[in-house]
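S.K.: All I have is the shape, not the residue letters:
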C-alpha cells in the first residue's frame, strides 16, 4: 500500500487562483520569474497588444472545411506558422492573405489541372 502525503508549498511560493495573468501583482510576477529556470525566461518583454483603433473589428470571420491531401495541408500549416513567427502577424490574417493570393492564381491552377489531365469533360 502506497501512502500519499499532501504537501503544501511554503506561503511565499503560493500563487492565488487566477482567471487572468493580469491579476498578478508586480511583486508576484518578480517572485515567479525568480523561480523559473533561466532558459524559460523571456529575453525581452512582451509587446503591448495593438491599440483598439488599429484592430479592424468590422472584418467578418468564417470557418470552412475542405478535405485535402495531408502533405498539402501540412505544407499550408507550416507556411502559416513560419509567416506568423517571422512577422508576428496574427495567424488568421496570414492564412487569409494566403487564401487571397491562391485565389488570384486560379487561372494558373486551371491550366495546370488541364495540362495534367485532372479535369472532367
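M.R.: Ah, there it is. Note that the coordinates shown come from a computational prediction; the quantities given were computed from them, not determined experimentally.

S.K.: check contacts around residue 62.
M.R.: Applying CB atoms under 8 Å, 6 or more residues apart in numbering to residue 62 gives no contacts. Backbone N, C-alpha and C define where each C-beta goes, glycine included.

S.K.: okay, it: pLDDT?
M.R.: Per-residue confidence (pLDDT) for residue 62: 90.

S.K.: Got the phi and psi for it?
M.R.: phi -150, psi 170 (degrees, to the nearest 10).

S.K.: Tell me the spacing between it and residue 91.
M.R.: Residue 62 sits 15 Å away from residue 91, going by CB to CB, to the nearest Å.

S.K.: what's the answer for residue 99, then?
M.R.: Distance from residue 99 to residue 91, by CB to CB: 12 Å.

S.K.: tell me which element residue 72 falls in.
M.R.: Following DSSP states H and E, one finds residue 72 within helix 70-87.

S.K.: That'll do, ta.
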